[in-house]
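Engineer: Here is a sequence with its predicted model. Questions after.
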Amino acid sequence: MECFSAPDFDRHEQVVFAYDDASGLRAIIAIHDTTLGPAMGGCRIWPYASEAAALTDALRLSRGMTYKSALAGLPIGGGKAVVIGDAKHIKTPALLAALGQAIDRLGGRYITAEDVGTSPADMAQIARVTRFVTGITRDGAGGDPSPYTARGVYHGIRAAVRHRLGADTLAGVHVAVQGLGHVGAALSQALFDAGARLTLTDIDSARCQALATRLGAATVAPEAIVEVEADVFAPCALGAIINPRTLPRLRVAIVAGAANNQLATDDLANALRARNILYAPDYAINAGGIIQVCHTYFGDDATVDARIAGIYDTLLDLFARADTQDISTLAAADRRARERLTNG
């Protein structure tokens with residue numbers, strides 16, 4: 001399996017393969033950049049089809065965390081841990097302890113938090129063997145970052161609607177939401193409260209129907225969500241939903257959601273632009289969670305809400321930069337993130 005020549009290797013500072021025979025741990029920890037501070041990013045447990053697929057995910061997600069944190073003005077770099085396997089079957093105290101030991105051996109270069117397949121309770125288990133972990137509930141604070149991610153995406157959708165549709169309210173705006181986990185469900189509730197009209201989907205049809213009934217929303221099958229005629233498509237599931245197969249089927253003015261790596265390849269940002277579809281770069285709009293866990297880790301919770309609300313202004317600035325410079329919104333976001341990495 002190639003690493004340095006992998007398509008998604010981007011001058012990563014360190015890539016660690018961690019193995020523990022007794023617990024069955026097979027993990028990859030990718031540290032992308034520590035220019036601004038220690039690398040921080042969630043731990044994902046997923047049944048990857050191959051080790052190469054796990055490496056790709058770790059490389060892409062860690063780079064995204066670097067840019068996300070830089071755009072958000074945080075004193076941290078980007079990292080990610082991925083564990084190969086089905087969380088329902090492999091996640092044990094022994095495996096989490098082994099993972100914590102692997103993280104601890106990095107001496108603070110990487111700080112972990114929850115992600116797909118992990119929880120605040122899992123982070124508490126990891127914290128028994130290393131202090132380089134965040135996202136743990138303490139005195140009623142911290143814990144699950146999902147509500148904070150959803151809040152940031154909500155503000156980002158507001159910005160996109162203002163820029164693309166010229167509206168200062170979400171009342172009557174039609175949003176198609178894909179994925180109704182902790183983030184997608186919280187986002188749907190916020191959109192409903194703001195007067196938006198919703199079409200929902202999730203691979204768990206019972207969960208989808210229950211939320212749709214409560215919010216008076218329409219539902220579609222998971223594979224049909226990209227064809228819903230709406231103002232906004234909000235991907236809140238796994239990545240690569242925008243790809244050469246789905247792009248021609250989109251019937252929206254805006255793509256703005258919580259999922260990481262929504263574009264299968266970066267050049268699709270230009271393809272969206274060519275179709276006059278405004279794209280809210282994923283690592284810009286979904287930064288609410290990392291803002292919260294970063295501030296919790298460093299003991300500064302007072303400014304979290306204001307920082308998350310600032311995603312609205314960040315996106316308006318990126319949209320304006322893209323228009324002025326005649327580039328994609330993703331290119332505008334990358335440039336702004338690199339500016340901070342260069343200038344501090």
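Structural biologist: Nice, thanks for sending it over. Numbers count the residues shown, from 1 in each chain.

Engineer: can we go C-alpha only for contacts and neighbour counts from here?
Structural biologist: Fine.

Engineer: For stretch 277-293, C-alpha coordinates in CSV please.
Structural biologist: Output of stretch 277-293 as CSV, limited to C-alpha atoms (Å, rounded to 0.1, in the frame of the first residue of the first chain):
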residue,chain,number,x,y,z
ILE,A,277,-24.7,26.1,-8.1
LEU,A,278,-23.2,27.9,-5.1
TYR,A,279,-21.1,25.5,-3.0
ALA,A,280,-20.4,26.2,0.7
PRO,A,281,-17.0,24.5,1.2
ASP,A,282,-17.6,21.7,3.7
TYR,A,283,-14.6,22.5,5.9
ALA,A,284,-15.8,26.1,6.2
ILE,A,285,-19.4,25.5,7.0
ASN,A,286,-19.1,22.5,9.3
ALA,A,287,-16.5,24.0,11.6
GLY,A,288,-18.8,24.4,14.6
GLY,A,289,-17.8,21.1,16.1
ILE,A,290,-14.1,21.6,16.0
ILE,A,291,-14.6,25.2,17.4
GLN,A,292,-16.4,23.7,20.4
VAL,A,293,-14.0,20.9,21.1
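
Engineer: Run through the protein and note the low-pLDDT ranges.
Structural biologist: Residue ranges of the chain with pLDDT under 70: 137-142.

Engineer: center of it, which residue is that?
Structural biologist: residue 260 (3.9 Å; C-alpha atoms, centre = their mean).

Engineer: was I right about that residue contacting residue 281?
Structural biologist: No - here residue 260 does not reach residue 281: they are 9.3 Å apart, not a contact under C-alpha atoms under 8 Å.

Engineer: count of neighbours near residue 119?
Structural biologist: Per other C-alpha atoms under 10 Å, the neighbour tally for residue 119 reads 19.

Engineer: Same question for residue 101.
Structural biologist: Neighbour tally, residue 101, other C-alpha under 10 Å: 17.

Engineer: likewise residue 313?
Structural biologist: Neighbours of residue 313 (other C-alpha under 10 Å): 13.

Engineer: try residue 49
Structural biologist: Neighbours of residue 49 (other C-alpha under 10 Å): 10.

Engineer: need the contact list for residue 98.
Structural biologist: 20, 23, 25 (C-alpha atoms under 8 Å, 6 or more residues apart in numbering).

Engineer: do that again at 10 Å, thanks
Structural biologist: Contact analysis of residue 98 by C-alpha atoms under 10 Å, 6 or more residues apart in numbering lists 18-27, 92, 104, 126, 129.

Engineer: what about residue 330, how many neighbours?
Structural biologist: 24.

Engineer: does it really touch residue 283, like I thought?
Structural biologist: Yes - at 9.4 Å, residue 330 counts as touching residue 283 under the criterion of C-alpha atoms under 10 Å.

Engineer: Strands of the stretch 51-200 of the chain, start to end?
Structural biologist: 77-84, 110-114, 174-178, 197-201 (DSSP state E, counting those that start in this stretch).

Engineer: closest one to residue 240 among those strands?
Structural biologist: Closest approach to residue 240 among those (C-alpha to C-alpha): strand 174-178, 12.6 Å.
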